[in-house]
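Undergrad: Next comes the sequence, and after it the predicted model I'd like to discuss.
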Amino acid sequence: MDFSQNTILIVDDSDVTRTILKNIFEGQYEIDEAVNGQEGLRKIIENKDRLSAVLLDVIMPVMNGIDVLRMINASGLTSKIPVFLITAESKDDTLKEAYNLGVMDIILKPVVPFMVERRINSVIELFRSRKALSDEVVRQQSEIIKQSHQILQLNMGMVESLATAIEFRSGESGAHIRRIRSITKLMLEQTELGNGFSRDDIEQIAHAAMMHDVGKIAISDVILNKPGKLTDEEFEIMKTHTIQGAELLEKIPQMKDHKAFKYAYDIARHHHERWDGNGYPDGLKGDDISLWAQIVSIADVYDALVSKRVYKYAYAVNKAVEMICGECGEFSPRILTAFIKVEKRIKWFYSD
């Protein structure tokens with residue numbers, strides 16, 4: 001039994017009727033009373049969370065029962081608290097309106113105690129059972145959502161760990177993938193590039209950006225950590241990390257259920273495409289390259305330029321920006337404009 005809802009409110013201007021109804025239910029429920037519709041309405045609103053039922057007269061001073069019923073129906077309370085009309089009024093129009101407004105039952109005066117007790121208790125138990133079932137469904141749904149979220153977080157955590165491990169394998173720290181995520185998010189949040197994306201979309205794209213280089217796990221250490229310039233043959237092998245990364249993400253069954261998957265797959269495969277069509281692996285051109293892949297591409301190039309790598313020293317920030325803006329055909333004008341707009345803020349990610 002739900003003891004938090006164990007009060008019956010009797011709303012009737014007749015002392016005799018209230019006494020009869022109170023005697024029927026006293027001992028089973030807490031009893032509250034109101035002598036007119038206005039007082040009854042106030043008590044219903046104030047005590048809605050502890051009422052098991054409302055027994056409502058029709059003809060009363062100040063405010064009649066039908067007006068009370070209209071008010072509580074408009075607030076949605078008739079679906080949560082069973083209301084019974086206790087009345088000598090038997091006009092069809094009144095009874096029809098009462099049922100349309102959500103009354104569970106109409107009990108005509110003079111009341112027959114055992115019938116009233118049986119009918120009202122049955123409805124109260126029905127409401128309690130329905131509420132208990134609804135609460136259990138909500139609880140189970142919440143638990144399922146929680147478990148699903150935990151599983152997805154675990155899967156994403158594993159992928160992030162893999163991305164970080166690859167960074168360490170190539171002589172870098174996990175800071176690279178975190179900076180790519182931060183730059184991607186900044187460009188979407190602080191420039192017109194993010195127009196049309198929800199906050200959740202931006203979070204998913206930023207998360208997916210961390211996985212741009214997962215395909216490097218398939219590249220040998222000899223090539224990955226070579227201190228000098230790669231040969232043509234080695235570079236062709238290095239380029240396959242884009243395809244390998246997309247295929248790897250596609251082979252993780254749980255990953256496909258994550259909202260970030262479509263972004264992660266596309267970014268992994270296409271973050272080395274160029275605006276002029278001279279990139280790889282698919283030679284995409286212009287807007288055939290997704291916006292998120294273009295953003296990750298410029299973030300990746302900037303980070304590579306200003307960071308020390310096994311094959312190069314770090315360039316000064318101003319020089320890196322000059323090289324990015326001066327490289328004809330690699331990035332779209334729209335991407336470059338957005339990048340320049342936030343470039344001073346991007347420096348914050350390198351302050352430590």
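TA: Now that the structure is in, tell me what you want to look at.
Undergrad: rest of the way, CA atoms for contacts and neighbours
TA: Fine.
Undergrad: Just give the nearest non-adjacent residue to residue 266, would you?
TA: Leaving aside its sequence neighbours, residue 266 sits nearest to residue 293 (Cα to Cα, 6 or more residues apart in numbering; 6.7 Å).
Undergrad: now do residue 349
TA: residue 179 is the one closest to residue 349 (Cα to Cα, 6+ apart), at 6.4 Å.
Undergrad: Return the helix or strand in this protein with minimum mean pLDDT.
TA: None of the helices or strands of the chain scores lower by mean pLDDT, DSSP states H and E than helix 113-169, at a mean of 71.
Undergrad: Follow the chain on from it and name the next helix or strand.
TA: Following helix 113-169 in sequence order, the next helix or strand is helix 175-190 (DSSP states H and E).
Undergrad: Against which helices or strands is that following helix packed?
TA: For helix 175-190, the packing partners by 3 or more Cα pairs under 8 Å, 6 or more residues apart in numbering; DSSP states H and E come out as helix 113-169, helix 199-209, helix 291-306, helix 333-346.
Undergrad: rewinding a little: look at the residue nearest to residue 349 and say how many residues are nearby.
TA: Counted with other Cα atoms under 10 Å, the neighbours of residue 179 add up to 19.
Undergrad: so it sits right up against residue 348, yeah?
TA: No: checked against Cα atoms under 8 Å, the pair residue 179 and residue 348 is beyond contact range at 10.0 Å.
Undergrad: Spit out the contact partners of the residue nearest to residue 266.
TA: 266, 267, 270, 271 (Cα atoms under 8 Å, 6 or more residues apart in numbering).
Undergrad: Now do the third one against residue 112, distance only.
TA: Taking Cα to Cα, to the nearest Å as the measure, residue 270 falls 79 Å from residue 112.
Undergrad: So for the residue nearest to residue 266, what's the pLDDT?
TA: Looking at residue 293, its pLDDT is 97.
Undergrad: Which pLDDT value goes with the residue nearest to the spatial centre of the chain?
TA: Compute the mean C-alpha point of the chain, and by Cα atoms, centre = their mean the closest residue is residue 200, 7.8 Å away. You'll see residue 200 listed with a pLDDT of 91.
Undergrad: Next one: it from residue 256, what distance?
TA: On the measure of Cα to Cα, residue 200 and residue 256 end up 17 Å apart.
Undergrad: quick one on the thing from earlier: dump the contacts of residue 293 into JSON lines; add pLDDT as well.
TA: Shown next, in JSON lines, are the contacts of residue 293 (pLDDT from 0 to 100):
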{"residue": "266", "pLDDT": "97"}
{"residue": "267", "pLDDT": "96"}
{"residue": "270", "pLDDT": "97"}
{"residue": "271", "pLDDT": "97"}
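Undergrad: can you redo the residues you listed as JSON lines with secondary structure?
TA: Formatted as JSON lines, the contacts of residue 293 follow (DSSP: H, G, I helix; E, B strand; the rest coil):
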{"residue": "266", "secondary structure": "helix"}
{"residue": "267", "secondary structure": "helix"}
{"residue": "270", "secondary structure": "helix"}
{"residue": "271", "secondary structure": "coil"}
